[in-house]
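K.L.:
Here's my sequence, what's the structure:
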Amino acid sequence: EDNGGCNDADNVVVNYYEQPVTDAGAGGNECDLDFTFSATASAGTGTWSLISGPGTPTFADSNSPTSLVDVSAYGTYIFQWAEDNNGCTDADQVVVNFNEQPVADAGLDGNECDLNYLLQANASVGTGTWALLSGPGTASFDDGSSANTNVDVSVIGTYVFLWTEVNGSCVDTDQVTVIFSTQPVANAGSDGDECDLDFTFSAIPSVGTGTWTQVSGPGTSSFTNINGPTATVDVTAYGTYVFEWEEDNNGCTSADQVTVVFTQNPVANAGTDDQACGNTITLNATASIGTGAWSQVSGPGTATFTAPSSPSSDVSVDAFGSYVFEWTETNGACSDADQVTILFNEIPVANAGSDGDECDLDFTFSAIPSAGTGTWTQVSGPGTSVFSNSNSPIATVNVTAYGTYVFEWEEDNNGCTSADQVTVVFTQNPVANAGTDDQACGNTIT
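P.N.:
Reported below is the predicted structural model:
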């Protein structure tokens, strides 16, 4: 200042400082409880502070523009980055959403025996959604946003379903594989009655793999093909067995049972062929097992059995001839039969005819034939005999010497015989000689 030549002076100091221009960087969506800032420093000292949020923050370095912050609770936070350059200040804010990270759990894989399956995810946080990832058909969810929901598919096969959980910007997924299989309907076939120790099954397969097992029985079993619907089974003992045919189609099972009675088969033996003299004979079958019974197969008449179930029954017929009888043995459902032929022969009744007195050396018999073949033989006599036909009932016999002879007429009808005798006295016939013709003189002559 100058005042009439008088002056004085003073100095003032002015500090010029750069005005901070704050840039807090980008906010973020975080799937945990920590976040790294991305502020851009300008001038002065910057400091992070919490403006609002549901929890408390912990800054790794509150003066670092790229500090890490940890918060105590999930939610939306507003942080401020304020810069102070010797009193020159500026501030900027950033919003960070801390979201809990979902941990998707779609549940266990499954096998279903139809076209409907209950999905059972374990929900964590956020919103879940089901989707079909792969499969041979289409899928329809009862509630696609429910962790536990039914899904219907259009065709059998293997499907993969995706369970997605979204919490804010945080996402997690998990998959579950479900095999949809046709439910088997087991049909073990018909029960059986077997006359030995092996049986062939007649199961009707549906789907999957079938397997035979023995459920019960007095012995053990051996299968030619345990997975074959028409396998043959061999058992070690006779009796009643129960077998099960179980079909398994990817864990879908169905079973059916069949009962088989294994019975020892009889071996019928009706005995040997025979013949009878008369109309009655005792049969001689050999019994094996089970119950036996006699029956008539053929013959000229009717047969009557005294004990039809006895192997040694007597049988009588009302007409002579050849008969066939059958001996049938039955053991449960098993039977066997054998036949025997019996020839019933009429028993001859020999009648040699009348005795005779013959006045020469030959005699004609007068036998009365009955049945079979008759034959003449000499029983006794002083000479020998020659028959004109030894098988004729009216044959003529010539003897070599006079005297008393006994002859026998024997009739044989297939081994059935009868004999009768006749006595013939052969006497020499006298030859009378009265002399020559003559005449007498008077009433007397020699």
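
K.L.:
which residues are in contact with the helix or strand containing T149?
P.N.:
When secondary structure is defined by DSSP states H and E, T149 falls within strand 148-153. Strand 148-153 is contacted by residues 115-121, 130, 135, 137-143, 159, 161, 178, 180 when judged by C-beta atoms under 8 Å, 6 or more residues apart in numbering. Yep, even glycine has a C-beta here, placed from its N, CA and C like the rest.

K.L.:
Centre of the chain to the following helix or strand past it, how far?
P.N.:
Note on strand 148-153: by DSSP H and E, the next helix or strand toward the C-terminus is strand 157-167. The offset between the C-alpha centroid of strand 157-167 and the centroid of the whole chain comes to 42 Å, using C-alpha atoms, centre = their mean, to the nearest Å.

K.L.:
Give the buried residues for the next helix or strand after strand 157-167.
P.N.:
Secondary structure here is assigned by DSSP H and E; on that basis, the next helix or strand after strand 157-167 toward the C-terminus is strand 170-180. Buried residues in strand 170-180, counting neighbours by 16 or more other C-beta atoms under 10 Å, are found at 170, 172-174, 176-180.

K.L.:
Pick the one among those closest to P266.
P.N.:
For P266, the closest of these turns out to be I179, at 53.4 Å, with distances computed as C-beta to C-beta.

K.L.:
Just grab the bridge partners of the closest one for me.
P.N.:
Applying DSSP bridges to I179 gives these bridge partners: N111, T158.

K.L.:
how about the residue nearest to Y77 when sequence neighbours are not counted, what does it touch?
P.N.:
Counting by C-beta to C-beta, 6 or more residues apart in numbering, the nearest residue to Y77 once its immediate chain neighbours are dropped is G53, at 3.3 Å. If a contact means C-beta under 8 Å, 6+ apart, then G53 has 71, 73, 75-78 as its contacts.

K.L.:
Give me the phi and psi for G53.
P.N.:
phi 160, psi 160 (degrees, to the nearest 10).

K.L.:
One more: G251?
P.N.:
phi 90, psi -10.

K.L.:
what pLDDT does it get?
P.N.:
pLDDT recorded at G251 is 91.

K.L.:
hey, where'd the strands end up in the stretch 101-250 of the chain?
P.N.:
Listed from the start of the chain, the stretch 101-250 of the chain has strands (DSSP state E, counting those that start in this stretch) covering 110-112, 116-120, 127-134, 139-141, 148-153, 157-167, 170-180, 192-194, 198-200, 209-216, 221-223, 232-235, 239-249.

K.L.:
Turn these into JSON lines, columns for distance to T400.
P.N.:
Conversion of the strands of the stretch 101-250 of the chain to JSON lines gives the following (distance: least, C-beta to C-beta, whole Å):
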{"stretch": "strand 110-112", "distance to T400": "115"}
{"stretch": "strand 116-120", "distance to T400": "120"}
{"stretch": "strand 127-134", "distance to T400": "126"}
{"stretch": "strand 139-141", "distance to T400": "126"}
{"stretch": "strand 148-153", "distance to T400": "121"}
{"stretch": "strand 157-167", "distance to T400": "117"}
{"stretch": "strand 170-180", "distance to T400": "116"}
{"stretch": "strand 192-194", "distance to T400": "78"}
{"stretch": "strand 198-200", "distance to T400": "79"}
{"stretch": "strand 209-216", "distance to T400": "91"}
{"stretch": "strand 221-223", "distance to T400": "86"}
{"stretch": "strand 232-235", "distance to T400": "82"}
{"stretch": "strand 239-249", "distance to T400": "82"}
